[in-house]
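# Sequence first, then the predicted structure, then my questions.
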Amino acid sequence: MSDVSLRDVVEADLPIFFEHQRDPDATRMAAFPARDREAFQTHWATKILGDAAVAKKTILFGGQVAGNVVSFERAGTPLVGYWIGKEFWGKGIATRALSLFLETVRTRPLFAHVAKENAGSIRVLEKCGFRLSAEQPPGPGDDGVEEIVMELGSDQE
(Lines give C-alpha, C1' and ligand atoms only; values in the text may rest on other atoms or scores of the structure.)
Protein backbone atom coordinates (compact mmCIF):
# COMPACT_ATOMS: atom_id res chain seq x y z
CA MET A 1 0.00 0.00 0.00
CA SER A 2 2.07 2.89 -1.33
CA ASP A 3 -0.32 5.59 -0.09
CA VAL A 4 0.79 4.96 3.53
CA SER A 5 3.78 6.83 4.88
CA LEU A 6 5.21 7.97 8.20
CA ARG A 7 6.62 11.32 9.19
CA ASP A 8 7.60 13.08 12.40
CA VAL A 9 4.72 14.24 14.56
CA VAL A 10 4.10 18.00 14.42
CA GLU A 11 1.95 20.13 16.75
CA ALA A 12 -0.67 20.56 14.01
CA ASP A 13 -1.33 16.78 14.16
CA LEU A 14 -2.49 16.87 17.77
CA PRO A 15 -6.03 18.24 17.17
CA ILE A 16 -6.57 15.42 14.65
CA PHE A 17 -5.22 12.80 17.08
CA PHE A 18 -7.48 14.28 19.78
CA GLU A 19 -10.56 13.83 17.61
CA HIS A 20 -9.54 10.29 16.67
CA GLN A 21 -9.32 9.25 20.32
CA ARG A 22 -12.73 10.79 21.10
CA ASP A 23 -14.62 8.43 18.78
CA PRO A 24 -16.81 6.14 20.94
CA ASP A 25 -16.34 3.12 18.64
CA ALA A 26 -12.57 3.58 18.72
CA THR A 27 -12.40 3.90 22.50
CA ARG A 28 -14.59 0.79 22.85
CA MET A 29 -12.36 -1.21 20.49
CA ALA A 30 -9.19 0.01 22.16
CA ALA A 31 -10.75 -0.42 25.62
CA PHE A 32 -9.14 2.89 26.47
CA PRO A 33 -11.17 5.91 27.56
CA ALA A 34 -10.92 9.19 25.68
CA ARG A 35 -9.03 11.98 27.39
CA ASP A 36 -10.43 15.47 27.67
CA ARG A 37 -8.55 18.13 25.70
CA GLU A 38 -6.37 19.29 28.61
CA ALA A 39 -5.40 15.76 29.67
CA PHE A 40 -4.73 14.82 26.04
CA GLN A 41 -2.52 17.87 25.44
CA THR A 42 -0.61 17.30 28.67
CA HIS A 43 -0.06 13.62 27.88
CA TRP A 44 1.26 14.36 24.41
CA ALA A 45 3.38 17.34 25.51
CA THR A 46 5.07 15.61 28.44
CA LYS A 47 4.95 11.86 27.86
CA ILE A 48 5.33 11.68 24.09
CA LEU A 49 6.69 14.84 22.44
CA GLY A 50 8.67 15.81 25.53
CA ASP A 51 10.44 12.46 25.80
CA ALA A 52 13.25 11.93 23.30
CA ALA A 53 13.28 8.20 24.14
CA VAL A 54 9.77 7.79 22.71
CA ALA A 55 9.73 6.95 18.99
CA LYS A 56 6.68 8.66 17.50
CA LYS A 57 5.40 9.01 13.97
CA THR A 58 2.32 10.38 12.27
CA ILE A 59 0.66 7.96 9.89
CA LEU A 60 -0.32 9.49 6.56
CA PHE A 61 -2.68 7.99 4.02
CA GLY A 62 -2.81 9.77 0.70
CA GLY A 63 -1.29 12.81 2.41
CA GLN A 64 -3.99 12.92 5.13
CA VAL A 65 -3.24 12.35 8.81
CA ALA A 66 -4.67 8.89 9.51
CA GLY A 67 -3.23 8.26 12.96
CA ASN A 68 -0.06 7.74 14.93
CA VAL A 69 2.30 5.01 16.04
CA VAL A 70 4.59 5.16 19.07
CA SER A 71 7.14 3.03 20.89
CA PHE A 72 8.03 3.62 24.52
CA GLU A 73 9.10 1.85 27.69
CA ARG A 74 6.88 1.16 30.66
CA ALA A 75 8.52 -0.40 33.73
CA GLY A 76 11.47 -1.44 31.56
CA THR A 77 9.31 -3.19 28.95
CA PRO A 78 9.49 -1.90 25.36
CA LEU A 79 5.98 -1.35 23.99
CA VAL A 80 4.40 -0.27 20.74
CA GLY A 81 1.01 1.32 20.25
CA TYR A 82 -0.95 2.88 17.44
CA TRP A 83 -4.21 4.69 16.86
CA ILE A 84 -5.97 4.97 13.53
CA GLY A 85 -8.87 7.33 12.88
CA LYS A 86 -12.11 5.40 12.38
CA GLU A 87 -12.56 6.74 8.86
CA PHE A 88 -9.32 4.91 7.93
CA TRP A 89 -10.22 1.49 9.36
CA GLY A 90 -10.35 -1.57 7.15
CA LYS A 91 -7.98 -0.30 4.48
CA GLY A 92 -4.75 -2.01 5.61
CA ILE A 93 -3.32 1.30 6.80
CA ALA A 94 -2.49 0.16 10.34
CA THR A 95 -0.69 -2.95 9.09
CA ARG A 96 1.37 -1.01 6.56
CA ALA A 97 2.16 1.79 9.02
CA LEU A 98 3.24 -0.61 11.77
CA SER A 99 5.34 -2.54 9.28
CA LEU A 100 7.11 0.67 8.20
CA PHE A 101 7.59 1.71 11.84
CA LEU A 102 9.14 -1.66 12.73
CA GLU A 103 11.73 -1.16 10.01
CA THR A 104 13.15 1.77 12.00
CA VAL A 105 12.33 0.74 15.59
CA ARG A 106 14.53 -2.34 15.91
CA THR A 107 14.06 -3.04 19.63
CA ARG A 108 13.29 -6.71 20.20
CA PRO A 109 11.50 -8.15 21.95
CA LEU A 110 8.76 -5.58 21.53
CA PHE A 111 5.35 -5.92 23.14
CA ALA A 112 1.83 -4.66 22.46
CA HIS A 113 -1.17 -4.75 24.78
CA VAL A 114 -4.51 -5.17 23.05
CA ALA A 115 -8.08 -5.72 24.22
CA LYS A 116 -8.88 -9.40 23.77
CA GLU A 117 -12.01 -8.46 21.80
CA ASN A 118 -10.18 -6.17 19.35
CA ALA A 119 -9.83 -8.70 16.53
CA GLY A 120 -8.76 -6.05 14.01
CA SER A 121 -5.81 -4.87 16.05
CA ILE A 122 -4.80 -8.42 16.91
CA ARG A 123 -4.77 -9.22 13.20
CA VAL A 124 -2.62 -6.14 12.46
CA LEU A 125 -0.09 -7.28 15.04
CA GLU A 126 -0.09 -10.86 13.73
CA LYS A 127 0.49 -9.67 10.16
CA CYS A 128 3.51 -7.74 11.46
CA GLY A 129 4.97 -10.83 13.12
CA PHE A 130 3.69 -10.48 16.69
CA ARG A 131 2.61 -13.64 18.53
CA LEU A 132 0.52 -14.19 21.63
CA SER A 133 2.71 -13.86 24.71
CA ALA A 134 0.23 -13.72 27.60
CA GLU A 135 -3.37 -13.11 28.57
CA GLN A 136 -4.14 -10.66 31.34
CA PRO A 137 -7.34 -10.84 33.33
CA PRO A 138 -8.92 -7.51 34.21
CA GLY A 139 -7.31 -5.77 37.14
CA PRO A 140 -8.91 -3.36 39.59
CA GLY A 141 -10.23 -0.37 37.69
CA ASP A 142 -9.93 -2.08 34.29
CA ASP A 143 -13.71 -2.07 33.70
CA GLY A 144 -13.67 -5.82 33.10
CA VAL A 145 -11.48 -5.53 29.99
CA GLU A 146 -9.39 -8.59 29.24
CA GLU A 147 -6.10 -7.85 27.51
CA ILE A 148 -3.66 -9.97 25.65
CA VAL A 149 0.02 -9.24 25.28
CA MET A 150 1.53 -9.76 21.86
CA GLU A 151 5.28 -10.08 21.38
CA LEU A 152 7.61 -9.51 18.46
CA GLY A 153 10.81 -11.36 19.24
CA SER A 154 14.08 -11.31 17.36
CA ASP A 155 13.14 -14.67 15.82
CA GLN A 156 9.76 -13.33 14.58
CA GLU A 157 10.82 -10.55 12.21
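Right, received. Where do you want to start?
# Go through stretch 62-72 and flag the buried ones.
Buried positions in stretch 62-72, judged by neighbour count with 16 or more other Cβ atoms under 10 Å: 65-72. For glycine as for every other residue, the C-beta is placed from the backbone atoms N, C-alpha and C.
# Need the contact partners of that stretch.
Applying Cβ atoms under 8 Å, 6 or more residues apart in numbering, the set of residues contacting stretch 62-72 from outside is 3-4, 6, 9, 13, 16-17, 20, 47-48, 51, 53-60, 78-85, 88, 93-94, 97-98, 101, 105, 107, 110.
# Could you save the buried residues of stretch 62-72 as a markdown table and add columns showing secondary structure, pLDDT and distance to C128?
Supplementary listing: the buried residues of stretch 62-72 in a markdown table, determined by DSSP: H, G, I helix; E, B strand; the rest coil; pLDDT from 0 to 100; distance: Cβ to Cβ, whole Å:
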| residue | secondary structure | pLDDT | distance to C128 |
| --- | --- | --- | --- |
| V65 | strand | 98 | 21 |
| A66 | strand | 98 | 17 |
| G67 | strand | 98 | 15 |
| N68 | strand | 98 | 16 |
| V69 | strand | 98 | 11 |
| V70 | strand | 98 | 15 |
| S71 | strand | 98 | 13 |
| F72 | strand | 97 | 17 |
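# so which of the residues you listed comes closest to R28?
G67 (16.7 Å; Cβ to Cβ).
# Geometric centre of the chain: which residue is closest?
Residue closest to the average C-alpha location in the chain (Cα atoms, centre = their mean): Y82, at 1.5 Å.
# returning to that earlier point: mark which of the contacts of stretch 62-72 are part of helices, please.
16-17, 20, 93-94, 97-98, 101 (DSSP state H).
# can you list those in a markdown table and add pLDDT, distance to L125 and neighbour count?
Conversion of those to a markdown table gives the following (pLDDT from 0 to 100; distance: Cβ to Cβ, whole Å; neighbours: other Cβ atoms under 10 Å):
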| residue | pLDDT | distance to L125 | neighbour count |
| --- | --- | --- | --- |
| I16 | 98 | 23 | 16 |
| F17 | 98 | 20 | 19 |
| H20 | 97 | 19 | 21 |
| I93 | 98 | 14 | 23 |
| A94 | 98 | 9 | 26 |
| A97 | 98 | 12 | 28 |
| L98 | 98 | 8 | 28 |
| F101 | 98 | 12 | 21 |
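# With that, I have no additional questions.
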